[in-house]
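*Asks:* This is a predicted model, with the sequence first.
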Amino acid sequence: MPDSPAVVVSGLRKSYGSTTAVDGLDLSAARGAVTAVLGPNGAGKTTTVECCEGLRRPDEGTVRVLGLDPQDDARTLRPRVGVMLQDGGLPTGVRALEMLEHVASMYADPLDTDALAERLGLHGFARTTVRRLSGGQRQRLALAASVVGRPEVVFLDEPSAGMDPQSRHAVWELVRELRADGVGIVLTTHLMDEAEDLADHVYVVDRGTVIAEGSTAELLASGAAAVRFRAPRGLDVAELARTLAEGDRARRADPGGRTVTEDAPGAYTVQGDADAATIAAVTRWLADQDVLLTGLTVGRRTLEDVFLDLTGRNLR
Ligand SMILES: Nc1ncnc2c1ncn2[C@@H]1O[C@H](COP(=O)(O)OP(=O)(O)OP(=O)(O)O)[C@@H](O)[C@H]1O
């Protein structure tokens, strides 16, 4: 059933003692697509993915991977599913390339380990034992091990955490190729640019449940664009917002939820239409205040803006 989803999670609940980690979560990940699961620390992402990987049994709800139950059908699923765990989950005493070759030998039709090692730059530390690898090297090896068996579904938990930019790009390239080959990829990440670049579909999870969901394009379009500017700290943002709203009314424009905030000292964001009239109004107001504008950018919202709006700015 090539059109059936790679992963379907329905009404998932999972608690650890009195802590509810996942609280009625629904999610579906297609084949040949990257599905990103985003959320603040402790949101329940890892627990959800661990239930999909068969590492934990749900308290309530169902999880299906390729139409099968990850725990009851574990043996059938094992050769068809790739898992890259956050801490690598690799045996530490073996040499890097030997480990990859050993994993490959467990599959009927593995990828060419030499070519994969070349792709992910593993040759430079091929004979180093896993315990001595740097964090980023270990991540690359774990990724190679998760895809060497040509899985139909891959779970990647923060795949490029701790990697240098070259490695990240190599990882992203590989993920794009897997997608083109029809693999369903479920990605948890804290890197908003990674999600924005790679994901076809995004789920934002908070407090164990999905608070927003859509194609990446839909989520980015869900809010208006923004004008960002730098000027002396402590400007009267309420007064600027009022001035902009008056301008909007005068030209019968819908400001689309206009707000002005000082995000960091001297760094301001105007949400809402970012058209020429708005930019002119902002610069005119600054001139009227007799303050110097030291930078101005106009842009669509990033996934990070959307994420912070949805989940708030407080630390968890
Ligand atoms: N083994 C465990 N025992 C007890 N509590 C746990 C366990 N694993 C996770 N939790 C708790 O469950 C909640 C969800 O954790 P989970 O690791 O699923 O979140 P997460 O979204 O992956 O977070 P992060 O982004 O920090 O990795 C948190 O409150 C966490 O403290």
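*Replies:* Done, it's in.

*Asks:* What are the boundaries of the strands in the stretch 201-316 of the chain?
*Replies:* Counting by DSSP state E, counting those that start in this stretch, the stretch 201-316 of the chain has strands at residues 201-206, 209-215, 226-230, 259-264, 267-271, 295-299.

*Asks:* Check which residues of the last one are buried.
*Replies:* Neighbour-count burial for strand 295-299, counted by 16 or more other C-beta atoms under 10 Å, picks out 296, 298. For glycine as for every other residue, the C-beta is placed from the backbone atoms N, C-alpha and C.

*Asks:* Mind listing the strands it pairs with, and their directions?
*Replies:* Using DSSP bridges, strand 295-299 pairs in its sheet with strand 226-230 (antiparallel).

*Asks:* what's the most buried one of the strands of the stretch 201-316 of the chain?
*Replies:* strand 201-206 (a mean of 23; mean count of other C-beta atoms under 10 Å).

*Asks:* Please tabulate the strands of the stretch 201-316 of the chain in CSV, including the columns mean pLDDT and distance to the ligand.
*Replies:* Formatted as CSV, the strands of the stretch 201-316 of the chain follow (pLDDT from 0 to 100; distance: least, C-beta to the nearest ligand atom, whole Å):
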stretch, mean pLDDT, distance to the ligand
strand 201-206, 94, 7
strand 209-215, 92, 12
strand 226-230, 90, 26
strand 259-264, 90, 23
strand 267-271, 90, 25
strand 295-299, 86, 27
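
*Asks:* residues in contact with residue 79?
*Replies:* 106-108, 149, 151 (C-beta atoms under 8 Å, 6 or more residues apart in numbering).

*Asks:* how about the helices in the stretch 51-200 of the chain?
*Replies:* 74-77, 96-104, 113-119, 135-147, 165-180, 192-198 (DSSP state H, counting those that start in this stretch).

*Asks:* Of the ones you listed, which is nearest residue 283?
*Replies:* Closest approach to residue 283 among these (C-beta to C-beta): helix 192-198, 29.0 Å.

*Asks:* Could you report the neighbour count for residue 198?
*Replies:* 23 (other C-beta atoms under 10 Å).

*Asks:* What about the closest residue to it other than its chain neighbours, how many residues nearby?
*Replies:* The shortest distance from residue 198 to any non-neighbouring residue, by C-beta to C-beta, 6 or more residues apart in numbering, is to residue 34 (4.9 Å). Residues lying near residue 34 (other C-beta under 10 Å) number 27.

*Asks:* just the one 5 residues further on next, same as before
*Replies:* For residue 39, the number of neighbouring residues by other C-beta under 10 Å comes to 25.

*Asks:* Next up, the contacts around the nearest residue to it once chain neighbours are set aside.
*Replies:* Distances taken as C-beta to C-beta, 6+ apart place residue 205 nearest to residue 39, at 3.7 Å, with adjacent residues excluded. Taking C-beta under 8 Å, 6+ apart as the criterion, residue 205 is in contact with 25, 37-39, 43-45, 48, 211.
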